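any chance you can model this:
(2 chains)
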Amino acid sequence: MSDEDRIVEERDCGGDVAAYALGALEPAEADAFRRHMESCAVCRDELVTFQGVVDALPMTAPLHPAPGDLRRRVMDAVESEPQARRDGAPAPRPRSRLAEWLTPRPALAFGMAAVLAVAVLAGITLSPSSSPSARVISAQVTGQGTAELRVTGGHGELVLHRFSPPPAGEIYEVWVKRPNQSPSPTSALFSVTTKGDGDVDVPGSLRGVDEVMVTPEPAGGTPAPTHPAVIQADLT
Amino acid sequence: MQLVHDGEAQAFEVIFDRHANAAFSLAYRMCGRQGMAEDVVQDAFLSLWRSGARYDRARGSVRSWVLGVVHNRAIDAFRRDVVHAGRDVSDEGAAERMPAPQSTEGEVQRRDEARQVRGALEDLPPDQRQVIELAYFGGFSHSQIATMLELPAGTVKGRMRLGLTKLRLALGDPSGVLL
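Predicted structure coming up:
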(Lines give C-alpha, C1' and ligand atoms only; values in the text may rest on other atoms or scores of the structure.)
Protein backbone atom coordinates (compact mmCIF):
# COMPACT_ATOMS: atom_id res chain seq x y z
CA MET A 1 0.00 0.00 0.00
CA SER A 2 1.40 3.38 -0.93
CA ASP A 3 1.75 6.33 1.48
CA GLU A 4 -1.02 8.10 -0.41
CA ASP A 5 -3.44 5.20 0.00
CA ARG A 6 -2.47 4.66 3.62
CA ILE A 7 -2.98 8.26 4.64
CA VAL A 8 -6.51 8.24 3.28
CA GLU A 9 -7.34 4.90 4.81
CA GLU A 10 -5.91 5.60 8.28
CA ARG A 11 -8.54 8.20 9.09
CA ASP A 12 -11.14 8.16 6.42
CA CYS A 13 -12.86 11.40 7.28
CA GLY A 14 -9.61 13.33 6.82
CA GLY A 15 -9.18 12.11 3.29
CA ASP A 16 -11.20 14.95 1.83
CA VAL A 17 -9.64 17.87 3.70
CA ALA A 18 -6.76 18.56 1.32
CA ALA A 19 -8.92 18.11 -1.76
CA TYR A 20 -11.50 20.45 -0.25
CA ALA A 21 -8.87 23.07 0.57
CA LEU A 22 -7.64 22.89 -3.01
CA GLY A 23 -11.18 23.20 -4.36
CA ALA A 24 -10.83 19.75 -5.93
CA LEU A 25 -13.92 18.04 -4.54
CA GLU A 26 -16.92 17.64 -6.81
CA PRO A 27 -19.76 20.01 -5.79
CA ALA A 28 -21.83 17.26 -4.13
CA GLU A 29 -18.76 16.00 -2.29
CA ALA A 30 -17.93 19.50 -1.14
CA ASP A 31 -21.46 19.95 0.23
CA ALA A 32 -21.23 16.65 2.07
CA PHE A 33 -17.83 17.55 3.46
CA ARG A 34 -19.09 20.91 4.71
CA ARG A 35 -21.87 19.10 6.55
CA HIS A 36 -19.33 16.65 7.96
CA MET A 37 -17.15 19.47 9.25
CA GLU A 38 -20.00 20.84 11.31
CA SER A 39 -19.49 17.92 13.66
CA CYS A 40 -15.80 17.14 13.13
CA ALA A 41 -13.37 19.42 14.90
CA VAL A 42 -10.39 17.42 13.63
CA CYS A 43 -11.25 18.14 10.01
CA ARG A 44 -12.01 21.78 10.79
CA ASP A 45 -8.62 22.21 12.44
CA GLU A 46 -6.80 20.45 9.62
CA LEU A 47 -8.59 22.61 7.08
CA VAL A 48 -7.36 25.77 8.79
CA THR A 49 -3.76 24.62 8.51
CA PHE A 50 -4.16 23.55 4.89
CA GLN A 51 -5.96 26.76 3.98
CA GLY A 52 -2.91 28.74 5.05
CA VAL A 53 -0.80 26.69 2.65
CA VAL A 54 -3.28 27.01 -0.20
CA ASP A 55 -3.45 30.77 0.33
CA ALA A 56 0.32 30.87 -0.22
CA LEU A 57 0.20 28.97 -3.53
CA PRO A 58 -0.47 32.08 -5.69
CA MET A 59 2.99 33.28 -4.67
CA THR A 60 4.52 30.48 -6.70
CA ALA A 61 3.09 31.94 -9.91
CA PRO A 62 5.75 33.71 -11.99
CA LEU A 63 5.33 37.44 -11.63
CA HIS A 64 3.71 39.15 -14.59
CA PRO A 65 2.91 42.84 -14.23
CA ALA A 66 -0.70 43.64 -14.96
CA PRO A 67 -1.04 45.34 -18.36
CA GLY A 68 -1.39 49.09 -18.06
CA ASP A 69 -4.75 49.33 -19.79
CA LEU A 70 -6.26 46.74 -17.43
CA ARG A 71 -6.25 49.31 -14.64
CA ARG A 72 -8.07 51.81 -16.82
CA ARG A 73 -10.64 49.21 -17.87
CA VAL A 74 -11.32 48.16 -14.30
CA MET A 75 -11.59 51.69 -12.95
CA ASP A 76 -13.76 52.83 -15.86
CA ALA A 77 -16.12 49.96 -15.10
CA VAL A 78 -16.02 50.68 -11.35
CA GLU A 79 -16.93 54.30 -11.91
CA SER A 80 -19.72 53.45 -14.30
CA GLU A 81 -21.64 51.29 -11.88
CA PRO A 82 -22.49 51.60 -8.21
CA GLN A 83 -21.81 48.95 -5.62
CA ALA A 84 -24.69 46.74 -4.58
CA ARG A 85 -26.62 48.94 -2.19
CA ARG A 86 -26.90 47.89 1.38
CA ASP A 87 -29.30 49.28 3.90
CA GLY A 88 -27.84 52.36 5.40
CA ALA A 89 -24.81 52.40 3.19
CA PRO A 90 -23.94 55.81 1.86
CA ALA A 91 -24.15 56.37 -1.86
CA PRO A 92 -20.87 56.08 -3.71
CA ARG A 93 -19.23 59.41 -4.21
CA PRO A 94 -18.57 60.21 -7.83
CA ARG A 95 -14.94 60.83 -8.57
CA SER A 96 -14.27 64.44 -9.18
CA ARG A 97 -11.75 65.66 -11.66
CA LEU A 98 -9.67 66.63 -8.66
CA ALA A 99 -9.85 63.09 -7.31
CA GLU A 100 -8.89 61.81 -10.73
CA TRP A 101 -5.91 64.10 -10.74
CA LEU A 102 -4.94 63.14 -7.22
CA THR A 103 -5.00 59.43 -7.99
CA PRO A 104 -1.48 58.00 -7.94
CA ARG A 105 -0.44 56.70 -11.32
CA PRO A 106 1.78 53.62 -11.57
CA ALA A 107 4.41 55.52 -13.51
CA LEU A 108 4.35 58.30 -10.95
CA ALA A 109 4.47 55.85 -8.09
CA PHE A 110 7.37 54.06 -9.77
CA GLY A 111 9.18 57.34 -10.22
CA MET A 112 8.60 58.32 -6.63
CA ALA A 113 9.67 54.93 -5.38
CA ALA A 114 12.79 55.13 -7.52
CA VAL A 115 13.61 58.59 -6.21
CA LEU A 116 13.03 57.43 -2.67
CA ALA A 117 15.12 54.32 -3.17
CA VAL A 118 18.01 56.32 -4.60
CA ALA A 119 17.74 58.92 -1.88
CA VAL A 120 17.59 56.39 0.92
CA LEU A 121 20.40 54.27 -0.48
CA ALA A 122 22.61 57.29 -0.97
CA GLY A 123 21.65 58.82 2.35
CA ILE A 124 20.60 61.95 0.50
CA THR A 125 18.40 64.51 2.19
CA LEU A 126 17.09 67.22 -0.04
CA SER A 127 17.92 70.70 1.08
CA PRO A 128 15.03 72.79 2.32
CA SER A 129 16.49 75.59 0.29
CA SER A 130 15.90 73.67 -2.94
CA SER A 131 12.86 75.86 -3.44
CA PRO A 132 12.59 79.41 -2.16
CA SER A 133 8.85 79.02 -1.62
CA ALA A 134 9.06 75.83 0.46
CA ARG A 135 7.07 75.81 3.68
CA VAL A 136 8.60 73.62 6.37
CA ILE A 137 6.30 72.14 9.01
CA SER A 138 7.71 70.37 12.05
CA ALA A 139 5.73 67.19 12.51
CA GLN A 140 4.74 65.69 15.83
CA VAL A 141 6.67 62.46 16.32
CA THR A 142 5.90 59.57 18.64
CA GLY A 143 9.18 58.15 19.91
CA GLN A 144 12.64 59.20 18.88
CA GLY A 145 13.76 61.29 15.93
CA THR A 146 12.44 64.26 14.01
CA ALA A 147 10.22 64.67 11.00
CA GLU A 148 9.51 67.65 8.77
CA LEU A 149 6.96 68.09 6.05
CA ARG A 150 8.27 70.33 3.28
CA VAL A 151 5.51 71.74 1.12
CA THR A 152 6.38 73.21 -2.25
CA GLY A 153 3.83 74.16 -4.85
CA GLY A 154 1.13 72.12 -3.18
CA HIS A 155 3.27 68.99 -2.98
CA GLY A 156 4.77 67.56 0.17
CA GLU A 157 7.90 65.73 1.11
CA LEU A 158 8.48 64.11 4.49
CA VAL A 159 12.06 64.25 5.73
CA LEU A 160 13.02 62.10 8.70
CA HIS A 161 16.12 61.96 10.88
CA ARG A 162 17.08 59.44 13.57
CA PHE A 163 13.65 57.88 13.27
CA SER A 164 13.02 54.32 14.44
CA PRO A 165 12.59 51.69 11.73
CA PRO A 166 9.15 50.08 11.53
CA PRO A 167 8.59 46.93 13.60
CA ALA A 168 9.69 43.67 11.97
CA GLY A 169 7.40 42.70 9.12
CA GLU A 170 5.86 46.15 8.94
CA ILE A 171 6.38 49.25 6.86
CA TYR A 172 5.49 52.91 7.24
CA GLU A 173 2.47 54.10 5.27
CA VAL A 174 1.69 57.74 4.49
CA TRP A 175 -1.88 59.02 4.82
CA VAL A 176 -3.53 62.32 4.00
CA LYS A 177 -6.48 63.59 5.98
CA ARG A 178 -9.03 66.11 4.79
CA PRO A 179 -11.45 67.95 7.08
CA ASN A 180 -14.23 65.72 8.43
CA GLN A 181 -12.95 62.70 6.52
CA SER A 182 -11.13 59.53 7.49
CA PRO A 183 -7.45 59.35 6.53
CA SER A 184 -6.98 58.34 2.91
CA PRO A 185 -4.16 55.95 2.03
CA THR A 186 -1.46 57.00 -0.40
CA SER A 187 0.81 54.76 -2.42
CA ALA A 188 3.80 55.89 -0.35
CA LEU A 189 5.24 53.04 1.71
CA PHE A 190 8.70 53.45 3.14
CA SER A 191 11.31 52.54 5.68
CA VAL A 192 14.37 54.43 6.92
CA THR A 193 18.11 53.90 6.70
CA THR A 194 20.04 52.29 9.50
CA LYS A 195 20.68 55.80 10.80
CA GLY A 196 16.97 56.48 10.84
CA ASP A 197 17.04 58.91 7.91
CA GLY A 198 14.62 58.97 5.05
CA ASP A 199 12.63 61.20 2.76
CA VAL A 200 9.51 60.36 0.90
CA ASP A 201 7.25 62.27 -1.44
CA VAL A 202 3.61 62.50 -0.45
CA PRO A 203 1.75 61.46 -3.60
CA GLY A 204 -0.74 63.94 -5.04
CA SER A 205 -1.57 67.47 -4.10
CA LEU A 206 -1.89 68.67 -0.52
CA ARG A 207 -4.53 71.22 -1.40
CA GLY A 208 -7.48 70.69 0.94
CA VAL A 209 -5.43 68.36 3.16
CA ASP A 210 -5.22 69.35 6.80
CA GLU A 211 -2.93 66.62 8.05
CA VAL A 212 -0.31 64.22 6.75
CA MET A 213 0.12 61.12 8.89
CA VAL A 214 2.39 58.10 9.02
CA THR A 215 1.48 54.79 10.63
CA PRO A 216 3.30 51.46 10.83
CA GLU A 217 1.34 48.89 8.87
CA PRO A 218 1.72 45.30 7.68
CA ALA A 219 4.02 44.89 4.68
CA GLY A 220 2.12 45.91 1.58
CA GLY A 221 0.16 48.56 3.43
CA THR A 222 -3.49 48.69 4.38
CA PRO A 223 -6.44 50.69 3.08
CA ALA A 224 -7.25 52.07 6.55
CA PRO A 225 -4.90 52.76 9.48
CA THR A 226 -4.58 49.90 11.92
CA HIS A 227 -2.09 51.60 14.25
CA PRO A 228 -1.89 55.04 15.85
CA ALA A 229 0.06 57.63 13.89
CA VAL A 230 3.77 57.92 14.67
CA ILE A 231 4.13 61.10 12.61
CA GLN A 232 1.53 63.83 12.33
CA ALA A 233 2.09 67.03 10.34
CA ASP A 234 -0.61 69.63 10.81
CA LEU A 235 -1.11 71.80 7.72
CA THR A 236 -3.83 74.04 9.12
CA MET B 1 -11.14 48.71 3.44
CA GLN B 2 -13.95 50.56 5.17
CA LEU B 3 -13.60 53.27 2.54
CA VAL B 4 -14.06 50.68 -0.21
CA HIS B 5 -17.03 49.29 1.67
CA ASP B 6 -18.48 52.80 1.70
CA GLY B 7 -18.18 53.09 -2.05
CA GLU B 8 -14.98 55.10 -2.38
CA ALA B 9 -13.69 54.48 -5.88
CA GLN B 10 -10.42 56.11 -4.94
CA ALA B 11 -9.87 53.66 -2.08
CA PHE B 12 -10.75 50.80 -4.39
CA GLU B 13 -8.14 52.06 -6.81
CA VAL B 14 -5.54 51.72 -4.06
CA ILE B 15 -6.59 48.10 -3.52
CA PHE B 16 -6.28 47.49 -7.25
CA ASP B 17 -2.82 49.06 -7.44
CA ARG B 18 -1.55 47.00 -4.53
CA HIS B 19 -2.81 43.64 -5.69
CA ALA B 20 -3.20 43.85 -9.48
CA ASN B 21 0.19 42.35 -10.29
CA ALA B 22 -0.30 39.39 -7.97
CA ALA B 23 -3.84 38.94 -9.28
CA PHE B 24 -2.74 39.06 -12.90
CA SER B 25 0.18 36.71 -12.24
CA LEU B 26 -2.16 34.15 -10.68
CA ALA B 27 -4.70 34.49 -13.48
CA TYR B 28 -2.00 34.21 -16.13
CA ARG B 29 -0.53 31.14 -14.41
CA MET B 30 -3.96 29.54 -14.41
CA CYS B 31 -5.19 30.61 -17.85
CA GLY B 32 -1.96 30.70 -19.82
CA ARG B 33 -3.45 33.35 -22.11
CA GLN B 34 -3.08 37.06 -21.55
CA GLY B 35 -6.51 38.05 -22.83
CA MET B 36 -8.29 35.49 -20.70
CA ALA B 37 -6.19 36.41 -17.67
CA GLU B 38 -7.08 40.08 -18.11
CA ASP B 39 -10.78 39.23 -18.32
CA VAL B 40 -10.53 37.12 -15.18
CA VAL B 41 -8.81 39.89 -13.22
CA GLN B 42 -11.30 42.48 -14.44
CA ASP B 43 -14.21 40.21 -13.50
CA ALA B 44 -12.70 39.54 -10.10
CA PHE B 45 -12.14 43.17 -9.18
CA LEU B 46 -15.57 44.17 -10.45
CA SER B 47 -17.21 41.46 -8.38
CA LEU B 48 -15.29 42.74 -5.35
CA TRP B 49 -16.55 46.23 -6.05
CA ARG B 50 -20.13 45.19 -6.74
CA SER B 51 -20.32 43.15 -3.58
CA GLY B 52 -19.38 46.17 -1.54
CA ALA B 53 -16.05 44.58 -0.72
CA ARG B 54 -17.29 42.28 2.01
CA TYR B 55 -13.89 41.63 3.44
CA ASP B 56 -13.63 39.76 6.71
CA ARG B 57 -10.32 40.49 8.39
CA ALA B 58 -10.67 37.36 10.52
CA ARG B 59 -10.45 35.21 7.41
CA GLY B 60 -7.05 36.37 6.27
CA SER B 61 -5.23 39.20 4.57
CA VAL B 62 -6.71 41.46 1.92
CA ARG B 63 -4.33 39.87 -0.58
CA SER B 64 -5.55 36.33 0.22
CA TRP B 65 -9.11 37.53 -0.14
CA VAL B 66 -8.46 39.21 -3.50
CA LEU B 67 -6.52 36.23 -4.83
CA GLY B 68 -9.21 33.84 -3.65
CA VAL B 69 -11.74 35.72 -5.76
CA VAL B 70 -9.37 35.71 -8.74
CA HIS B 71 -8.89 31.96 -8.32
CA ASN B 72 -12.62 31.32 -8.26
CA ARG B 73 -13.19 33.55 -11.28
CA ALA B 74 -10.51 31.72 -13.25
CA ILE B 75 -12.18 28.40 -12.50
CA ASP B 76 -15.53 29.86 -13.56
CA ALA B 77 -13.86 30.97 -16.78
CA PHE B 78 -12.48 27.47 -17.32
CA ARG B 79 -15.97 26.06 -17.00
CA ARG B 80 -17.30 28.51 -19.57
CA ASP B 81 -14.36 27.90 -21.83
CA VAL B 82 -14.45 24.11 -21.77
CA VAL B 83 -11.47 23.71 -24.06
CA HIS B 84 -9.06 25.43 -21.78
CA ALA B 85 -5.70 24.68 -23.20
CA GLY B 86 -2.69 24.00 -21.06
CA ARG B 87 -0.39 26.75 -20.04
CA ASP B 88 1.48 28.45 -22.78
CA VAL B 89 3.60 30.85 -20.84
CA SER B 90 6.89 31.22 -22.65
CA ASP B 91 8.37 34.03 -20.59
CA GLU B 92 7.84 32.66 -17.12
CA GLY B 93 9.59 34.64 -14.49
CA ALA B 94 10.79 37.29 -16.90
CA ALA B 95 9.12 39.99 -14.91
CA GLU B 96 10.88 38.90 -11.76
CA ARG B 97 14.20 39.87 -13.25
CA MET B 98 12.88 43.36 -13.77
CA PRO B 99 13.19 46.02 -11.07
CA ALA B 100 10.35 45.89 -8.58
CA PRO B 101 7.62 48.38 -9.43
CA GLN B 102 7.89 49.66 -5.89
CA SER B 103 11.28 49.16 -4.30
CA THR B 104 9.87 49.01 -0.85
CA GLU B 105 10.88 46.80 1.99
CA GLY B 106 7.49 45.14 1.75
CA GLU B 107 8.04 44.27 -1.88
CA VAL B 108 11.44 42.77 -1.11
CA GLN B 109 9.95 40.75 1.72
CA ARG B 110 7.14 39.53 -0.52
CA ARG B 111 9.63 38.35 -3.12
CA ASP B 112 11.62 36.51 -0.47
CA GLU B 113 8.46 34.82 0.73
CA ALA B 114 7.53 33.90 -2.83
CA ARG B 115 10.93 32.29 -3.32
CA GLN B 116 10.43 30.37 -0.09
CA VAL B 117 7.02 29.04 -1.12
CA ARG B 118 8.20 28.25 -4.65
CA GLY B 119 11.19 26.37 -3.24
CA ALA B 120 8.97 24.37 -0.91
CA LEU B 121 6.67 23.45 -3.79
CA GLU B 122 9.60 22.46 -5.99
CA ASP B 123 10.98 20.27 -3.22
CA LEU B 124 7.85 18.15 -3.13
CA PRO B 125 7.96 14.75 -4.82
CA PRO B 126 6.82 15.33 -8.41
CA ASP B 127 3.68 13.21 -8.09
CA GLN B 128 2.48 15.27 -5.11
CA ARG B 129 3.35 18.59 -6.71
CA GLN B 130 1.58 17.52 -9.89
CA VAL B 131 -1.79 16.85 -8.26
CA ILE B 132 -1.61 20.07 -6.25
CA GLU B 133 -0.82 22.13 -9.34
CA LEU B 134 -3.49 20.42 -11.43
CA ALA B 135 -6.06 21.06 -8.71
CA TYR B 136 -5.16 24.60 -7.74
CA PHE B 137 -3.84 26.16 -10.92
CA GLY B 138 -5.63 23.87 -13.37
CA GLY B 139 -8.98 23.93 -11.61
CA PHE B 140 -9.42 20.19 -12.05
CA SER B 141 -11.35 18.07 -9.59
CA HIS B 142 -9.73 15.07 -7.93
CA SER B 143 -11.78 12.72 -10.10
CA GLN B 144 -10.71 14.51 -13.29
CA ILE B 145 -7.10 14.27 -12.14
CA ALA B 146 -7.57 10.60 -11.33
CA THR B 147 -8.85 10.00 -14.86
CA MET B 148 -6.02 12.00 -16.45
CA LEU B 149 -3.33 10.22 -14.48
CA GLU B 150 -5.08 6.85 -14.48
CA LEU B 151 -4.96 6.61 -10.71
CA PRO B 152 -7.54 5.67 -8.08
CA ALA B 153 -9.30 8.76 -6.68
CA GLY B 154 -8.09 7.86 -3.19
CA THR B 155 -4.49 7.98 -4.35
CA VAL B 156 -4.98 11.45 -5.79
CA LYS B 157 -6.51 12.68 -2.53
CA GLY B 158 -3.73 11.05 -0.56
CA ARG B 159 -1.08 12.77 -2.65
CA MET B 160 -2.82 16.09 -2.17
CA ARG B 161 -2.88 15.59 1.56
CA LEU B 162 0.72 14.48 1.80
CA GLY B 163 1.84 17.36 -0.39
CA LEU B 164 -0.02 20.00 1.58
CA THR B 165 1.20 18.52 4.85
CA LYS B 166 4.81 18.71 3.65
CA LEU B 167 4.31 22.26 2.43
CA ARG B 168 2.87 23.25 5.78
CA LEU B 169 5.85 21.76 7.57
CA ALA B 170 8.28 23.42 5.19
CA LEU B 171 6.67 26.83 5.52
CA GLY B 172 6.01 26.81 9.24
CA ASP B 173 2.79 28.70 9.70
CA PRO B 174 2.07 30.25 6.32
CA SER B 175 -1.09 31.89 7.52
CA GLY B 176 0.97 33.97 9.89
CA VAL B 177 4.04 34.54 7.77
CA LEU B 178 2.95 34.96 4.23
CA LEU B 179 0.76 37.22 2.21
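
so who does residue B:133 touch?
Contact analysis of residue B:133 by CB atoms under 8 Å, 6 or more residues apart in numbering or on different chains lists nothing. For every residue, glycine as well, the C-beta is placed using N, CA and C.

what part of the chain, helix or strand, is modelled with the least confidence?
With no chain named, the answer covers chain A. helix A:97-102 (a mean of 35; mean pLDDT, DSSP states H and E).

so which strand or helix has the spatially most central residue of chain B?
Centroid-nearest residue in chain B: residue B:26, 4.5 Å away (criterion: CA atoms, centre = their mean). Assigned by DSSP states H and E, residue B:26 belongs to helix B:9-31.

what's the answer for residue A:18, then?
Counting by DSSP H and E, the element that carries residue A:18 is helix A:17-21.

tell me the mean pLDDT over that helix?
Helix A:17-21 comes out with an average pLDDT of 94.

which strands or helices does it pack on?
Packing partners of helix A:17-21 (3 or more CB pairs under 8 Å, 6 or more residues apart in numbering or on different chains; DSSP states H and E): helix A:27-37, helix A:41-56, helix B:153-171.

mind putting those in a markdown table, mean neighbour count, mean pLDDT and distance to residue B:134 included?
Shown next, in a markdown table, are the helices and strands packed on helix A:17-21 (neighbours: other CB atoms under 10 Å in any protein chain shown; pLDDT from 0 to 100; distance: least, CB to CB, whole Å):
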| stretch | mean neighbour count | mean pLDDT | distance to residue B:134 |
| --- | --- | --- | --- |
| helix A:27-37 | 13 | 90 | 17 |
| helix A:41-56 | 19 | 90 | 14 |
| helix B:153-171 | 23 | 93 | 9 |
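
now for those, which one comes closest to residue B:35?
Among the helices and strands packed on helix A:17-21, the nearest to residue B:35 by CB to CB is helix A:41-56 (26.7 Å).

rewinding a little: not counting its neighbours along the chain, what's nearest the residue nearest to the centre of chain B?
residue A:58 (4.3 Å; CB to CB, 6 or more residues apart in numbering or on different chains).

ok, now residue A:231?
Closest residue to residue A:231 apart from its sequence neighbours, by CB to CB, 6+ apart: residue A:214 at 3.8 Å.

residue contacts, the closest residue to residue B:161 other than its chain neighbours?
Distance criterion CB to CB, 6+ apart; nearest residue to residue B:161, sequence neighbours excluded, is residue A:18 at 3.8 Å. Residue A:18 is in contact with A:50, B:157, B:160, B:161, B:163, B:164, B:165, counting by CB under 8 Å, 6+ apart.

wait, which of the residues you listed is closest to residue B:10?
Proximity of the contacts of residue A:18 to residue B:10 (CB to CB) peaks at residue A:50, which lies at 36.6 Å.

show me the domain layout of chain A.
Residue ranges for the domains of chain A, per automatic domain parsing: A:3-59, A:104-234.

of the ones you listed, which shows the lowest average pLDDT?
With a mean of 73, domain A:104-234 has the lowest mean pLDDT of the domains of chain A.

report how many residues lie close to residue A:216.
Here the number of neighbours of residue A:216 (other CB atoms under 10 Å in any protein chain shown) works out to 19.

ok, what's across the strand from it?
With DSSP bridges as the criterion, residue A:216 is bridged to residue A:172.

chain B versus that one, what's the distance?
Distance of residue A:216 to chain B, computed by CB to the nearest CB, to the nearest Å: 12 Å.
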